[in-house]
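Enquirer: Generate a structure from the sequence data that follows.
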Amino acid sequence: MKSIAFKIILILLVFHFGTLSAQKKAISQKVAVQTDRQFWLQEMDKMVRPVLYNLAKDSLRINMPQMTSIRVDNKESRIKVQYVEVLGRVLSGIAPWLQLEGGSKEEVSLREQYREWTIQGLKNSLDSNAKDFMNYDIAGQQLVDASFISLAFIRAPWLWENLDKKNQQLLVKSIATTRRFKPGFSNWLLFSAMNEAFMAKYGFEWDVMRVDYSLQQLEQWYVGDGMYKDGSSFAFDYYNSYVIHPYLGTLMDVIGQKTNSYNSMFAKIKARNERYAIIQERLIHTDGSFPATGRSIIYRGAAFHHLADMAWKNRLPKQISPEQVRSALTAVIKKTLESPSTYKNGWLTLGLYGDQPNLADSYNNQGSPYLSSAIFLPLGLAETNPFWANPSAKWTSQKIWSGENFENDHSESIK
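Expert: Numbers count the residues shown, from 1 in each chain. This is a model prediction of the structure:
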C-alpha cells in the first residue's frame, strides 16, 4: 500500500511541476514586449493600408467612403477632390519610411509591399483609362493636395527614381495644372511654393516668383517666439505645425541648394523651427493628450507634424532628446487612435478621439484626416538611430507633473 501511495504522490508532483513549467512557458511567450517602432509600424499600416492597397488595385473610388463634414460647403466638389487629397496626405507621411533601407525582416517585407502598392497606385492615378485616374484641375483644394504629393517626392527621391519616365512627365504636368489656382492669402502661399520646389528639385522649370512671394510674405507674418500668423491675423491653432514650419523647413532645404539669396532668412527659419519644436513638445500632456484648439483638429497626430519632421531630420534642439520626443509622440499616437470609433470599416473617421463629426470643418472629407500620417515621419530613421535605439524617457510634461525640479521656459523673439 505504501508503494502505491508513493507512486500516486510522485505522479501528482510530476503533474504539478509539469503544469507550472507549461504555465511559465506560456506566460513568457505572452509577455513578448512590442517595441515602440513595432507599435508605430502597426498603427501606420492600419491607417494607410486601405488607401494604397485599393489604389494599387484600381479600386479606391469603389471602396473609399464618400464622407464629408456635416457643415460641408460644397459636397459635390469635396467628394471629387478627396482622392488627390488622400493620396498626397498618406504619401507625404510615409515617404521617409519608403525611402529607408534595411531593418528587420518583417519591416523590410512590409516596406517592399508598400513600395509596390505605391508605384502601381501612382501609375493608376495618372492613367486616364484607369478607374482611379485623378484630375488635378477640379478645384482650388487640389493646389493644397498636389503640394503634399510634391512634398512626398521631395522627402523620398526613391519615389521619383522608381516611377517610369512616362509617369514622371504625367505627374509634372498634373502638378503644373494647379498653377491656374490663385492661392489664398494665408498658408496657401506655401502650397504654391512647394509645387515649385518639387519642379526645382527634379530639374524642371520653376517659378522663382511664387517661391519668393511665399517666403517674403511668411517673413512678414512672423510674430515671435517661433510662431507665424496664418494670414492677416494670428490664430491659436496647429497650422504652424500642419503646414507652416514643415513647409518652410523643406523650402529651406530645396531652395537653399539653388541660391544663396535667402541665407539670412533661412538662418532665422532654422532657429524658429527649433523654438517651435520646444513649444510643441511641451504641449503634449502626460497621457499623450494635447489642447484641442483651433480648426482642422481632426488631423489628429498631425498637430505634431513639425515635431515629427524635426525628429526625422535629426534637427531637434538640444533641450529635447530624441528618446523623449519618441516617447511623447508614441503617447500621442496611442491617445489619438485608441478610441474604438477611430475607424469605421477600416477608414478613418472625422474626429480627434474617435468619431466626432461636430469637430469637422466645412472643407473636410474622407481624405482629410489622413494628414494624421505625418506623425509617422520618424519611421524614416533607421532603428539604430538614437530616436529608436535609446531607452524611453519622460518628456517635459511628465517630468514637471511628477514633481521633478525642471528648467523654466522663456520666449525667444528670433526676429
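
Enquirer: Low-confidence ranges, the stretch 151-300 of the chain, go.
Expert: Across the stretch 151-300 of the chain, no stretch falls below the confidence threshold (pLDDT under 70).

Enquirer: Show me the helices in it, by range?
Expert: Remark: helices assigned in the stretch 151-300 of the chain by DSSP state H, counting those that start in this stretch are 157-161, 165-177, 188-201, 208-220, 239, 245-255, 263-283.

Enquirer: out of the ones you listed, deepest packed?
Expert: Greatest average neighbour count among those goes to helix 188-201 (a mean of 25), per mean count of other CB atoms under 10 Å. Heads up, the C-betas are built off the backbone N, CA and C, glycines and all.

Enquirer: What are the neighbouring residues in contact with the spatially most central residue of the chain?
Expert: The residue lying closest to the centre of the chain (CA atoms, centre = their mean) is A374, at 0.7 Å. When contacts are counted by CB atoms under 8 Å, 6 or more residues apart in numbering, A374 touches 89, 92-93, 242, 246, 299, 301-302, 304-305, 308-309.

Enquirer: Quick check, pLDDT for V33.
Expert: At V33, the predicted lDDT confidence score is 86.

Enquirer: Can you give me the neighbour number for it?
Expert: Residue crowding around V33 was assessed by other CB atoms under 10 Å; the count is 5.

Enquirer: coming back round to it: among the contacts of A374, which lie within helices?
Expert: Among the contacts of A374, the ones falling in helices (DSSP state H) are 89, 92-93, 246, 305, 308-309.

Enquirer: between the residues you listed, which is closest to N365?
Expert: For N365, the closest of the ones in helices among the contacts of A374 turns out to be R89, at 11.2 Å, with distances computed as CB to CB.

Enquirer: Go ahead and confirm that closest one touches F148.
Expert: Yes. Taking contacts as CB atoms under 8 Å, R89 lies within contact range of F148: 5.5 Å.

Enquirer: intersection of neighbour lists for these two?
Expert: Among the neighbours of R89, those also in contact with F148 (CB under 8 Å, 6+ apart) are L371.

Enquirer: Please report the distance of the closest residue to G93 other than its chain neighbours from S77.
Expert: Taking CB to CB, 6 or more residues apart in numbering, and ignoring the residues beside it in sequence, G93 has S373 as its nearest neighbour in space, at 2.8 Å. When distance is defined by CB to CB, to the nearest Å, S373 is 24 Å away from S77.

Enquirer: So between these two, which is more surrounded?
Expert: S373 (29 against 17).

Enquirer: surely that one meets I94?
Expert: Yes. Because the distance of 6.0 Å satisfies CB under 8 Å, S373 is recorded as touching I94.

Enquirer: what touches both of the two?
Expert: Contact criterion CB under 8 Å, 6+ apart; residues shared by S373 and I94: 44, 48.

Enquirer: which residues does Q280 contact?
Expert: For Q280, the contacting residues are 241, 304, 306-307, taking CB under 8 Å, 6+ apart as the criterion.

Enquirer: Which among those residues count as buried?
Expert: 241, 304, 306-307 (16 or more other CB atoms under 10 Å).
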